[in-house]
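1. Below is the structure, and that's it, no one-letter string:
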């Protein structure tokens, strides 16, 4: 957050897009060489814009990076507003709570990976506000030690595998507690 917003954006764009475009070009060439049609490569996948339409040829690199790019846009906006650490923490926790209370529980992997306009309420985005919270409070978290985090991770794993029918309330509790 100490850098100018323009520097933050340029670094993110240069970190993601060139290697992503090389991967897309390589995949398209490989598909062409083996005789598989290359379909669905429109502006959304090329520019990493959220979409609800999957392209099987390019789904794997696209679906993960689109969530990351949406987060970077939001982070740049928030950093541009010069919000305090406390405000960013509160907004991050509120985002996690909103995802778990109002986000749709995806019916299948495709719906999870390609939420379209509902990307901000997708359960896949929770790692970003949690990561932001960890980054903001890194020094405090570092002093706690590793055992509480190992126990928390074990409890989260047990809860996620043992209580699938309670996914939204469970994720809400886990997300908020992981953020604190």
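-> Received the coordinates, thanks. Predicted, not measured: the structure shown is a model, and the values here were computed from it.
2. Output the below-cut-off pLDDT ranges for the chain.
-> Confidence mapping of the chain against pLDDT under 70 gives the ranges 1-2, 39-40, 52-61, 105-115, 156-157, 159-180.
3. Mind listing what's buried along the helix ranked longest in it?
-> If each helix of the chain is counted by residues according to DSSP state H, the longest one is helix 5-33. Applying a neighbour-count criterion of 16 or more other Cβ atoms under 10 Å, the buried positions in helix 5-33 are 8, 9, 12, 20, 24, 27, 31. C-beta here means a position set from N, CA and C on the backbone, and glycine is covered the same way.
4. how about the spatially most central residue of the chain, secondary structure?
-> For the chain, the residue sitting closest to the mean C-alpha position, by Cα atoms, centre = their mean, is residue 125 at 3.7 Å. Secondary structure state of residue 125, per DSSP: H, G, I helix; E, B strand; the rest coil, is helix.
5. where does the residue of the chain most remote from its centre fall, phi/psi-wise?
-> Largest separation from the mean C-alpha position in the chain: residue 35, at 33.4 Å (Cα atoms, centre = their mean). As for residue 35, its main-chain torsions (degrees, to the nearest 10) stand at phi 80, psi 20.
6. Backbone dihedrals for residue 145, both of them.
-> When quoted as degrees, to the nearest 10, the phi and psi of residue 145 stand at phi 100, psi 180.
7. burial measure for it, as a count.
-> The criterion is other Cβ atoms under 10 Å. On that basis, residue 145 has 9 neighbouring residues.
8. helix, strand or coil for residue 38?
-> Residue 38 ends up coil, using three-state DSSP.
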